[in-house]
Each structure stands twice: as structure tokens, then as C-alpha cells.
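> Just to be clear, the model below is a prediction. Sequence and coordinates:
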Amino acid sequence: MTGIDTGSAAGDFDRHERGLWVGKAEAYRASFAALCGHAVPALLAAGGVAAGVRVLDVGTGPGTAARAAQQLGAVVSAVDADPGMVALAVAGGVAARVAVLPELPYEDGAYESVVGNFVVNHVEHPAAAMAELRRVARPGGRLAATIWADAGNGSMDLFVRALAVAEHGRPVPPRVPEALNFERSAAGFAELAVAAGWDGVSCRELLFEHRVTPADWWAGVAAGVANLGYVVTGLPTEQRARVEAEYRRLAAAAVGADGLLTVPAVALLVSGRA
């Protein structure tokens, strides 16, 4: 074991994250889930997901990665911190339950593959989360996890640029405490996995482009999905209207001939063995 304290007492960041997604599952599925889904094929390949492999999908959301793993013939269990997300996953045929990192309701070494698509970036104690993923992997079992890269990731640029017109009243979401944070780079994510006890660790960038209509891209934020949604919906009414108008202006200038935006994204994919 790693000696990392995996205590689950929630701090400001965890409490914020757990409240952030309440009632947002359907809005997420209709918006940002498709963006996150681009990483799933590479995630499952890195996790060695194949027919007959026992897989745990942590932070399953509406079950995108879990269903893809099932289509490969894997035997899949899944968890998410939000009951609404779990309900969507279950409705889609996934064996999912509510559980919150860094305490998973499974025995040591229960899974041959543990995957987490954009979940480590939603926990207050990333090192404890990675150690918990290690605990439930059997000897020789595989890890695959993704996060968003800090550098070069332009997926939220339109919203960030639009928010520049909000002069006051902008809510500020909590951040991971500095003492618990890690560098959101390939080197930093790999170091986090090594410190948690994973062997043979490697980390690489995933670059992809998401195609979406301006209206659908705005819909998730307007519904309060994720931290950008939290910020936008928390603005005073007049400021929010200005931000939306600016977004629409920027989006109209950015669409292609087919009426779709091209959203560039950079994710980090870490893999290793127990």
C-alpha cells in the first residue's frame, strides 16, 4: 500500500462538487457528456478492457464508458457520486450504484481493470482517489483515467471569452487545496499515479475536436452544468444576459458552413498496472 491517507471527510471542494451536480444529470447527458465521450475508446484500450474482463467504471456519469465496455464484452460495475447520474446509467443497462471517492464499496483486488473518465478532476484529494483505485485493482490489474489538461485545452474558450463582459457578481467556485493539488500535465498526472502505488505508469495527451451547434453548446452552461454553469447561472440577471449575448456573437463568428462549432480539446490519459 502507499501510505496515503484516504479519509473521506469532505472539505469545501468536495461539498461544492457533490452539490454542483444535483439535478444536472439530464442536462449533462444532453450537453458536455458528448465532449467527454470522445476519450472513451482510448480510455478503454489503455485499461485493457475486453471480453470477460471485470471492469469498474468510477465516476460513470450517465454510463457512457460503462456501456462502451459492455459492448466489448466486459463484465462491468459502475459508481458515481450523484444519484441522478446513477439513475441514468441504470436506465441504460449499467450495473451502477452511488459511491464517493475516496471510499469505494468493494473489496481489495476486486477488479481486473479500473477506469475513470474525467473523475479525478472532481475530487478534493486526488492522491487519495488514485490510491483507492489502486486498492480495488487486483495484482496485475490495469488503470486508465483521464483529466482535462491545464495547458492547450481550448474546449471552454468561448464561454471564458463571453464571461469577460461580466463586470461584477461573478461567483467563484472552490479550488482543490494547494497542499492536495497536482500539476495538470502529463508529468504531473503520471507522478500522482506513481505516488498512489501504480506501476508501469505512462501518461499521454489526447487531442480531439468536438462538433456541436452553438445552441446545444450553450444549453449545458445555461442549465448550470459544471463550474462554468455554476458561474454563469450565479450571475446577476443583467450580467448573465450580457454574457449570453456575447457568447452568441462569438459563436456566430466561429461556426462553420454546416452551422457547427469546432471545439478543440486536450485531455490527459494515464495508465498503469497494480
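Ah, there it is.

> for the stretch 101-250 of the chain, what spans make up the helices?
Counting by DSSP state H, counting those that start in this stretch, the stretch 101-250 of the chain has these helices, from start to end: 126-135, 157-163, 186-195, 214-222, 226-233, 237-254.

> Quick one: residues in contact with the second one.
This means helix 157-163. 170, 217, 221, 228, 231-232, 243-244, 246-247, 250-251, 254, 261, 263 (C-beta atoms under 8 Å, 6 or more residues apart in numbering). Just so you know, the C-beta spots here come from the backbone N, C-alpha and C atoms, and that holds for glycine as well.

> can you rerun that using 7 Å?
Contacting residues not belonging to helix 157-163 are listed as Val221, Leu228, Val231, Val243, Glu246, Tyr247, Leu250, Ala251, Ala254 [C-beta atoms under 7 Å, 6 or more residues apart in numbering].

> now it: mean pLDDT?
Helix 157-163 shows a mean pLDDT of 96.

> now the fourth one
The average pLDDT within helix 214-222 is 97.

> Tell me which other helices or strands that helix touches.
Counting contacts by 3 or more C-beta pairs under 7 Å, 6 or more residues apart in numbering; DSSP states H and E, helix 214-222 packs against helix 226-233, helix 237-254.

> And for the last one?
For helix 237-254, the contact count by 3+ C-beta pairs under 7 Å, 6+ apart identifies helix 157-163, helix 214-222 as packing neighbours.

> Mind exporting the C-alpha coordinates of the shortest one to CSV?
Read that as helix 157-163. In CSV, the C-alpha atoms belonging to helix 157-163 read as follows (Å, rounded to 0.1, in the frame of the first residue of the first chain):
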residue,chain,number,x,y,z
ASP,A,157,-12.7,29.1,-24.5
LEU,A,158,-15.9,30.5,-26.0
PHE,A,159,-17.5,30.6,-22.5
VAL,A,160,-14.4,32.1,-20.9
ARG,A,161,-14.3,34.8,-23.5
ALA,A,162,-18.0,35.5,-23.2
LEU,A,163,-17.6,35.8,-19.4
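
> just for the chain, where's the confidence low?
The chain contains residues with pLDDT under 70 at 1-9.

> Pull out the buried residues from the contacts of helix 157-163.
Among these, those classed as buried by 16 or more other C-beta atoms under 10 Å are Val221, Leu228, Val231, Val243, Glu246, Tyr247, Leu250, Ala251.

> This completes my enquiry, with thanks.
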